[in-house]
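Participant: take this sequence and fold it.
(2 chains)
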Amino acid sequence: MMKSAPWVALVAMGFGGAAVAQDSKALNVEGTALVTEAAAPSHMENVDTIYSGWRFRSGETQALQTDDFDNPAMVFVDQGIDQFGKIDGTEGKACSSCHENIEDFAGLRPQLPRVQDGKLVSMENLVNTCRTERMGAEPWKWSGGQMTAVTALIGLQSRGMPIDVAIDGDAAPFWEKGKELYYTRVGQLDMSCSNCHEDNYGTMIRADHLSQGQINGFPTYRLKNAKLNSTHGRFKGCMKNIRATPFAEGGDEFKALELYLASRGQGLAVESPSVRN
Amino acid sequence: MKHAMGFAAIAVFGASMAFAEDVKPMAVSFADGSVEAALTSTAGDPANGRKVFANRKQGNCLACHMNADLPEESFHGEVGPPMDGVADRWTKAELRGIVTNSKMMFEGTIMPAFYVDSGYERPLDEFAGKSILTAQQVEDIVAYLITLKED
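Facilitator: Below is the predicted model of the structure:
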């Protein structure tokens, strides 16, 4: 059973449809079973079992992700394929000039973000490094349409593979920083990520069924805004909801938070691109 | 009518507007999490309190608390206890304390403090130095909560 506040069982009876526990549903995408539940990694002190955000969505939203033909995110993946093959910049190159087989990116998404040359890098950084240094092109906006389309395309190559980020060695200080941010209260509402996604997942916060805030499905297509959403874009949205000034997309804080959140999802399957509310 | 005028003024100036005679956010005096004295000189209006309770841009209490007295609202949250019969469990002074700053009653609670204007980090500019609710809105909510009896 998913954890919920003690009074929920009591009130759920009198309140049809409020606490929809997505306990035993299996996610099969295109006939392949994806892991949406796993034992929590040992570094998590307050949670025993981790769940993909997919498990907290309604049956209809869940169904959209089981078939690529129904998955509205796939339109954007198609756009990503176009971007990937498009020549841009002073070197006259496209992504595909160097990366002939997009399938070769299988295994990348589960490891990100990771430390390279002492810096923590997300997939968006890797993409923009190729653009600026190898193509002589302008960097893409962190959460812009071109970037999310291409990160969805690259992420898709690892669909089904377990999240497996490194958190020790030179990643450790970034991970510690991310952990601190996760538990720090901010905003006029004075809440931390943990208040909602660790202490209260499984319960309804007004019309929303709170998940664990996992990032294995990013970029996610949200029914709310009908586009692909980046991880940092989602962090920004959650911070604004608690009336906090968000950190910058692509900045050190959100990258550290991304690493920490990825590590809270170790073992969950990559679902990119997922469908959420 | 004093109340009606006061309310119109709040609507115009927003939640930051505090009246001279209101107890200032950080000057509220707590005893064991309770606040004995009213924050304003105008008696709380339960009908308005009921609205503030549900309004997403004001109390939005319904985000976390189910409330059988609000059947017309479709989404009731479950993060905190249901409000049914809350007046049987708490006195008026306790309820005022809980709404003003719940952290004085429940250590480490997720429930926001609705009448503090400092002590929180990184607020969005438009909310900096402001309390979520006005003193009068707190009084109105308290006047509403005290009507929620089951016995």
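Participant: drop to CA atoms for contacts and neighbour counts, all remaining ones
Facilitator: OK.
Participant: excluding sequence neighbours, find me the nearest residue to residue 147.
Facilitator: Went with chain A since none was named. Residue nearest to A:M147 in three dimensions, not counting chain neighbours: A:W140, with 6.1 Å by C-alpha to C-alpha, 6 or more residues apart in numbering or on different chains.
Participant: my bad, the chain I had in mind was chain B
Facilitator: In space, B:T147 is closest to B:A87, 6.6 Å off (C-alpha to C-alpha, 6+ apart).
Participant: to the chain's geometric centre, what's the distance from the helix or strand where that neighbour lies?
Facilitator: Using DSSP states H and E, B:A87 maps to helix B:86-89. In terms of C-alpha atoms, centre = their mean, to the nearest Å, the centre of helix B:86-89 is set 16 Å apart from its chain centre.
Participant: can you name the next helix or strand after that helix?
Facilitator: helix B:92-100.
Participant: got a list of what the residue nearest in space to the middle of chain B touches?
Facilitator: Nearest residue to the geometric centre of chain B (C-alpha atoms, centre = their mean): B:V138, 3.5 Å. Counting by C-alpha atoms under 8 Å, 6 or more residues apart in numbering or on different chains, B:V138 makes contact with B:L39, B:G49, B:R96, B:V99, B:T100, B:F114, B:Y115.
Participant: off-centre distance for stretch B:56-65?
Facilitator: 10 Å.
Participant: now do the buried residues in it.
Facilitator: Buried residues in stretch B:56-65, defined by neighbour count with 16 or more other C-alpha atoms under 10 Å in any protein chain shown: B:Q58, B:G59, B:N60, B:C61, B:L62, B:A63, B:C64, B:H65.
Participant: what about the nearest residue in space to B:M105 that is not next to it in sequence, how many neighbours?
Facilitator: Of all residues not flanking B:M105 in the chain, B:G33 sits nearest, at 4.3 Å (C-alpha to C-alpha, 6+ apart). Around B:G33 there are 21 other residues, counting by other C-alpha atoms under 10 Å in any protein chain shown.
Participant: tell me the spacing between B:G33 and chain A.
Facilitator: 18 Å (C-alpha to the nearest C-alpha, to the nearest Å).
Participant: could I get the contacting residues of that residue?
Facilitator: If you count contacts by C-alpha under 8 Å, 6+ apart, B:G33 has them with B:E94, B:G97, B:I98, B:S102, B:K103, B:M104, B:M105.
Participant: and if we set it to 10 Å?
Facilitator: Going by C-alpha atoms under 10 Å, 6 or more residues apart in numbering or on different chains, B:G33 touches B:93-98, B:100-107.
Participant: and residue 85, what pLDDT?
Facilitator: Using chain A. Turning to A:G85, the model gives it a pLDDT of 97.
Participant: actually, chain B is the one I wanted.
Facilitator: pLDDT recorded at B:G85 is 97.
Participant: residues contacting it?
Facilitator: Contacts of B:G85 (C-alpha under 10 Å, 6+ apart): B:N67, B:A68, B:L145, B:I146, B:T147, B:L148, B:K149, B:E150, B:D151.
Participant: tally of neighbours for the third one?
Facilitator: So the one you mean is B:L145. By other C-alpha under 10 Å, 24 other residues sit near B:L145.
Participant: in chain B, which spans are helices?
Facilitator: Using DSSP state H, the helices of chain B run over B:2-13, B:46-54, B:86-89, B:92-100, B:135-145.
Participant: most neighbours of all the contacts of B:G85, which one?
Facilitator: Greatest neighbour count in the contacts of B:G85, by other C-alpha under 10 Å, goes to B:L145: 24 neighbours.
Participant: if I look at the residue nearest to it when sequence neighbours are not counted, how far off is chain A?
Facilitator: Nearest non-adjacent residue to B:L145, counting by C-alpha to C-alpha, 6+ apart: B:A87, 6.3 Å away. Here the criterion is C-alpha to the nearest C-alpha. By it, B:A87 lies 18 Å from chain A.
Participant: what residues are up against B:A87?
Facilitator: B:A87 touches B:E94, B:L95, B:V142, B:Y144, B:L145, B:I146, B:T147, B:L148, B:K149, B:E150, B:D151, counting by C-alpha under 10 Å, 6+ apart.
Participant: so where's the chain uncertain?
Facilitator: Picked chain A for this. A:1-24 (pLDDT under 70).
Participant: other chain: chain B
Facilitator: B:1-20.
Participant: and for the residue in the stretch 51-200 of chain A positioned nearest to chain B, nearest residue in space, chain neighbours not counted?
Facilitator: Closest approach between the stretch 51-200 of chain A and chain B, counting by C-alpha to the nearest C-alpha: A:G187, at 4.2 Å. With sequence-adjacent residues excluded and distances taken as C-alpha to C-alpha, 6+ apart, A:G187 is closest to A:A244, at 3.6 Å.
Participant: burial check on the nearest residue to A:E91 once chain neighbours are set aside, number of neighbours?
Facilitator: Once flanking residues are discounted, A:E91 sits nearest to A:M135: 5.1 Å by C-alpha to C-alpha, 6+ apart. A count of nearby residues for A:M135, using other C-alpha under 10 Å, gives 21.
Participant: now do the contacts for A:M135.
Facilitator: Taking C-alpha under 10 Å, 6+ apart as the test, what A:M135 contacts is A:87-95, A:97-98, A:128-129.
Participant: and it, its phi and psi?
Facilitator: phi -100, psi -20 (degrees, to the nearest 10).
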